[in-house]
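> Provide a 3D model corresponding to the input given below.
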Amino acid sequence: MIIIIKTKRKTKSQLDDLGNYSGAIKYYDEVLAIDPKYENALYNKGLALDNLGNHTGAILYYDKTLAIEPNYVSALKGKGDVLADLRNYTRTILYYDKALAIEPQYVYALDNKGLAFDNLGNRTHRFHRLECFI
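A predicted model of the protein is given here:
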């Protein structure tokens, strides 16, 4: 089973690199048919769905990932990103905060949290965001 998943992962990565997210999703589905709780496949399917603009599907798969591994930092950040795309900045900040509680120097979550505050009209966090990078 591990060999099959590793082979699928290589093929999936090649499809992702080419921007063929629909093709990659098919491979995630095949991997998930073998192991429905494989959090990397769940997360990456969410990411591919997000790249296709399927926000509802992306949130579903980020949530499935987080149900198995609540401290999956990339899934927390990914869900925050989708919520930002949906302009739900208050919830966006909550997910970035969850990611930052686990990994305090996660640059992408720090930066995107500052952008979410900017979008809420709270400019004081812009300076906090910049201080984190200095």
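
> once you drop chain neighbours, what's closest to the most centrally placed residue in the chain?
The chain has Gly78 as the residue nearest its centroid, 2.2 Å off, counting by C-alpha atoms, centre = their mean. Spatially, and ignoring its direct neighbours in sequence, Gly78 is nearest to Tyr62 (5.2 Å; C-beta to C-beta, 6 or more residues apart in numbering). C-beta: built from backbone N, CA, C; applies to glycine.

> next one: Leu42
Closest residue to Leu42 apart from its sequence neighbours, by C-beta to C-beta, 6+ apart: Thr65 at 4.3 Å.

> wait, that neighbour sits on Tyr38?
No. Thr65 lies out of contact with Tyr38 (C-beta atoms under 8 Å); the separation is 9.7 Å.

> avg pLDDT for stretch 63-78?
Averaged over stretch 63-78, pLDDT sits at 98.
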